[in-house]
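*Asks:* coords please:
(3 chains)
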Amino acid sequence: MSHSLRVNPIACEAHGVCAELLPELITQDPWGYPIVAPGPVPDGLLPLARRAAAACPTLALLLTPDE
Amino acid sequence: MIGLAAFALARGMPAGAVSAASRSAGALSAGPALAITRLRGTVLSAPRPAAGVVNASTPLWYLTRATGLVALVLLTASMALGLLSSVRYQRPAWPRFVTIGLHRNASLLALAFTALHIATTLADSYAPIRLQDVVIPFISAYRPLWLGLGAIALDLMLAMTVTSLLRTRMSYRSWRVVHLSAYLCWPVAVLHGLGTGSDTQVRWVLALTAACVAVIAVLTGWRLAYGWPAHAGARLVGAFALLLALVVGGAWLSAGPLQPGWARRAGTPAYLIGGDKKAAAPAPGGTR
Amino acid sequence: MTQAIKNTLPRLIPPGGPLTLAEHLARYGPVPFGDEPGRAGGPSTADLIGEVERAGLTGRGGAGFPAGRKMRAVAETGRRAGPLRSQVGTVVVANGAESEPASGKDRLLLTRAPHLVLDGVALAAEAVGATRGYLSLHAGAGELAADLAAVIAERDRLGLNRVPIQVVTVAGTYVASQETALVSQLNGGAARPSFVPPRPSQKGAHGRPTLVLNVETLAHVALIARFGADWFGELGTPSARSAGSALVTVSGAVRQPGVYEIALGTPVGDLIRRAGGPAEAPQAILAGGYFGGWLPYEPALHIPLSDPDLRAAGAALGPGVLVVLPVSACGLAETAWIAGYLASQSAGQCGPCTNGLPALADTLGQLAFARPDGGASWGDDPPGPTPGLGWAEQLMGLVRGRGACHLPDGTAGFVASGLRVFADEVRQHSVAGPCARVRRPPLLPAPGYGGRA
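*Replies:* Now for the predicted structure:
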C-alpha cells in the first residue's frame, strides 16, 4: 500500500524539521512552512518519511496510507 | 580496605568521589571521609573509622550519589536541549533535528541513570528506602520531603517519556500538556539533589549545580523573551516565576543545606546520624 | 407519488408573500415522512438518500459536493460509530449563514419559503437518523432568527419537525459558514475552520456525525422527497452534473438586481436579460462569488450556468452569484479590493494563508494603485523583488491547497481570473499609473472591511 505525506496547516508552526530530515520531498516556502511534493512517498523514502513525521515538534506532518 | 576500595571507585567515577566528600561534611561516617580527605589532600580531620562501620553497602551508597549527579547533568542537558528546540535554535552546522535527536537521547540516558540511582538506593541498606518510596512522594522514613521530591521528579520523567514514546499516537495537545511538566520536573529534581543534601556542601558539587541552574535559567529567559508573542501575560508571569525561583532557591540553599546540621533537619533518621550506626540500625542481614 | 406541481420555475420561491404552513402544504402536499400511512408512489424515507443520489443534487452552498453522498456518509457513520457499535444519533445542520457578501438567496429563501427548508431538515434528519437539528444564520440576520424560531414552534405543534430544531446565529466573517467552522461554533468554539479529517460527517457537532447542508439544498431535498429524482432532473442538465434548478443572486450593473431561480444550464445571457439587462455598458461578470472568477462580458453570455461549464471558463457557480461590472469601474481595483477583503478574513491559523494572502493583496494593491515611479516594492517578505505580476503568480502558487479551508485557493483563483480578464488594465496601470476609475467607490461588497491597512 502506498503512503502519502500531508501537512496539517493549522498545527504546523514552521519549525522546519521535516524539511531538514526529508529534503527529497519537502521544501520550505518563503515563510518557512513546508511544501510537500505531491503523490505517494517512494518506497525507499518511507522510513525517512516516517522519521520526519515522528520528529515534527507539533505533529503536523502526517504519513497516511492512501485509500 | 574497604575505604581503599571506595577510594578506587571514587577515582574511577569522580562523582562518587565527590559524593563521598559530603559524608565527611555531614559527619555521617568516617569511612568515606578517609577517601575524601585523601582525594582532596586535606588534613585527616575525621576520626578513623571503627571497624565494621564501613561496610559492604558503601560502594552502593557512593553509586547512588554518583548516578544521581550524572542524572542531574543529563537531565539538565535534556532540559537545555528542549529549551533550545523551543526557541528554534538553528545554525548551519547544527540543524534542528540535531537538537531534537540529542534531546531525546539525553532524556533517555537521564532516565537510565535515574534508574541506576534508584536501583542502588534500594539495594543499599544504608538508608531505609523502600520501593514505594521511590514512586509515592513523602512517605519515606528517610528525609521524606527531599526524597519525595525525587519521587515526583521520577513520576514526571516517566510520564514525559511514555507520552513521548507514544507521541504519534496521541493528540499533540495532550502530549504537550504532559511535556510542559518538564518545567516542574527539572527544578524539583534539583531541589531533591540539594535537599537530600549528602553532597550539597561539597564545593564543586555546588558549583556544578549552580552551573546547571544558570544554564537553564538563561535558556528559560531566552525562551520567555523569544516566543509566545500572543501570550504576553503568560510570559510575564513566567519571567516573574523564574526570578522568584532563583531568589527563593538561593536563600533557601544558604539558610538550609549549606548550614551545619542539615542532615538532621532534612529528616535523616536519628539512628543514622548518631555515632553508633551499628547499634541503632535495625539492619537486616547483620553485616552492617 | 405526490401529485407533482407544475414543473416550471419557480420551484422554491413562489411569487407573492411567504406561504403559511397551510398554503405550503396545499401547494406541495404533505411532508412525505417514511412512517406516513397511505403514502403511495413517492420515495420512502429509507430510499430518500438513494433518491437524492439518483437526482444528482449538488450542494448549493458553494462547494457543489453531491448532497446524497454526504447524507449517506452521515447515515453510515451514525450506524457504525456508536459506543458498542450501536446506532448513535446524528445531527443535521441547515446552513443559512450565507457569508458570501454578494449572495442574498439564502436569506430570501428563508424569508419566503421557510417551510420548504424545514421540511428538508426534517426529512434529512429522518433519513440520516438524526436526533437534533440546527438552523444557522448570520449574526446580522436580525428579526429573521425570531421569525424562524416561531415557524419552527408552529411546526413542532403539528409534529412536522421530527427532531428538535434550534436556530443559532454564527459569526459574520467570510469563513464562519464553512462547514467545519460552523461545527466548531456549534460546539462552543471559535468561528474558525478545522483540519479534516475528521470531517463533520464523521465527528461534528457534539462529537456526532453531522450533516451540514445549505438551506437551498435542503429545500431541494424536500422537493425530491415529494416528487422524485426524475421530476427533479426534468430541469437542468443532469448529464453535466447540473441537475435541477438553483437560486442565483444577480447584482451590479443590471436593471433589476435580485434573486432568480434558474434551471441549471441556462446561459448567463438569459439570466442577465431576466434581470433587466445591463444598466450601463458592461465589461465583465463575476460568477460564483469571491471563490469564483471574472469572465469578460460578451463571451460569458453564452456560458451555461453550471459549475462544470463555468469552471471550464475560469469561474465557478459557487453559491449562485453573478455581478455585472460596468466599464465605469476598474476591474483591477475591484480585484485588489476584494483580495484585501479576503486576506482580512483569514482566521490566522495556517501559515501560508496568514502570510501569503496579505502579501498577495498587497501586490494587487500596488498593481492597481501605485504610480509607476512610486517606488512600489514587491514582496517585502522573502524571497524578495520579483516585480508585480511574477510575484503575484508566485504567491498564488504558494498559497494554493495549503490551508485547512479553501480561503487561499479561492482567493488565488479569484485574483488569477482578475489578472487574466483585466490584463489590459494591469499593463496600463503599470505604464501610466492608476486610471481615473479607481476613485469610484468599490462596487463589490466587503462587509466590515475598511480597505488596505
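
*Asks:* And the residue of chain C found nearest chain B, how far from chain A?
*Replies:* Per CB to the nearest CB, residue C:348 is where chain C lies closest to chain B, at 10.0 Å. No exception for glycine: its C-beta is placed from N, CA and C like everyone else's. Residue C:348 sits at a distance of 10 Å from chain A (criterion: CB to the nearest CB, to the nearest Å).

*Asks:* State the pLDDT value of the residue lying closest to that residue once chain neighbours are set aside.
*Replies:* Closest residue to residue C:348 apart from its sequence neighbours, by CB to CB, 6 or more residues apart in numbering or on different chains: residue C:354 at 5.2 Å. Reported pLDDT at residue C:354 in the predicted model: 95.

*Asks:* Could I get the CA-only coordinates of the helix or strand harbouring residue C:354 as CSV?
*Replies:* Using DSSP states H and E, residue C:354 sits within helix C:351-369. What follows is helix C:351-369, C-alpha atoms only, in CSV (Å, rounded to 0.1, in the frame of the first residue of the first chain):
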residue,chain,number,x,y,z
GLY,C,351,0.9,29.9,7.9
PRO,C,352,0.7,30.0,4.1
CYS,C,353,-2.7,31.8,4.3
THR,C,354,-1.7,34.2,7.1
ASN,C,355,1.5,35.2,5.3
GLY,C,356,0.5,34.7,1.7
LEU,C,357,-2.9,36.4,1.4
PRO,C,358,-1.8,39.7,2.8
ALA,C,359,1.3,39.6,0.5
LEU,C,360,-0.9,38.8,-2.4
ALA,C,361,-3.4,41.5,-1.6
ASP,C,362,-0.6,44.0,-1.1
THR,C,363,0.9,43.1,-4.5
LEU,C,364,-2.5,43.5,-6.1
GLY,C,365,-2.9,46.9,-4.3
GLN,C,366,0.4,48.0,-5.8
LEU,C,367,-0.5,46.8,-9.2
ALA,C,368,-3.8,48.7,-9.0
PHE,C,369,-2.9,51.9,-7.1
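
*Asks:* Off-centre distance for that helix?
*Replies:* 24 Å (CA atoms, centre = their mean, to the nearest Å).

*Asks:* Can you report how many residues lie near the residue of chain C closest to chain B?
*Replies:* Taking other CB atoms under 10 Å in any protein chain shown as the criterion, the count of residues near residue C:348 is 9.

*Asks:* surely it meets residue C:358?
*Replies:* No: with contact defined as CB atoms under 8 Å, residue C:348 does not count as touching residue C:358 (10.5 Å).

*Asks:* anything in whichever helix in chain A runs longest near chain B?
*Replies:* In terms of residue count, the longest helix belonging to chain A (DSSP state H) is helix A:46-55. Yes: in terms of CB under 8 Å from any CB of the partner chain, part of helix A:46-55 sits within range of chain B, namely A:53, A:54, A:55.

*Asks:* Turn the residues you listed into JSON lines, columns for neighbour count.
*Replies:* What follows is the residues of helix A:46-55 next to chain B, written out as JSON lines (neighbours: other CB atoms under 10 Å in any protein chain shown):
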{"residue": "A:53", "neighbour count": "21"}
{"residue": "A:54", "neighbour count": "13"}
{"residue": "A:55", "neighbour count": "22"}
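
*Asks:* Against which helices or strands is the longest helix of chain A packed?
*Replies:* The contact analysis (3 or more CB pairs under 8 Å, 6 or more residues apart in numbering or on different chains; DSSP states H and E) places helix A:46-55 against strand A:3-7, helix A:17-21, strand A:61-65.

*Asks:* most tightly surrounded among these?
*Replies:* Burial of these is given as mean neighbour count (mean count of other CB atoms under 10 Å in any protein chain shown); helix A:17-21 ranks first at a mean of 23.

*Asks:* and the residue in chain B positioned nearest to chain C, helix, strand or coil?
*Replies:* Proximity of chain B to chain C (CB to the nearest CB) peaks at residue B:230, 10.0 Å away. Secondary structure, DSSP: H, G, I helix; E, B strand; the rest coil: residue B:230 is coil.

*Asks:* For residue B:200, see how far away it is.
*Replies:* 41 Å (CB to CB, to the nearest Å).

*Asks:* just residue A:28 next, same as before
*Replies:* 48 Å.

*Asks:* quick one: which of these two has more around it?
*Replies:* residue B:200 (22 against 15).

*Asks:* pLDDT at that one, what is it?
*Replies:* Value listed for residue B:200 in the pLDDT field: 79.

*Asks:* Next up, the contacts around it.
*Replies:* Residue B:200 makes contacts with B:22, B:193, B:194, B:206, B:209, B:253, B:257, B:258, B:262, as judged by CB atoms under 8 Å, 6 or more residues apart in numbering or on different chains.

*Asks:* Remind me which helix or strand the fifth one belongs to.
*Replies:* Secondary-structure element containing residue B:209, defined by DSSP H and E: helix B:203-226.

*Asks:* In terms of secondary structure, what does that helix contact?
*Replies:* Using 3+ CB pairs under 8 Å, 6+ apart: helix B:203-226 touches helix B:14-26, helix B:58-86, helix B:182-196, helix B:232-255.

*Asks:* and the third one, what does it pack onto?
*Replies:* Helix B:182-196 sits against helix B:58-86, helix B:144-165, helix B:203-226, helix B:232-255, with contacts defined as 3+ CB pairs under 8 Å, 6+ apart.

*Asks:* Would you mind listing what in chain A touches chain C?
*Replies:* Checking chain A against chain C by CB under 8 Å from any CB, the hits are A:7-14, A:29-33, A:35.

*Asks:* if you set the cut-off to 7 Å instead, what comes out?
*Replies:* With CB under 7 Å from any CB of the partner chain as the criterion, chain A comes near chain C at residues A:8, A:9, A:10, A:12, A:14, A:29, A:30, A:31, A:33.
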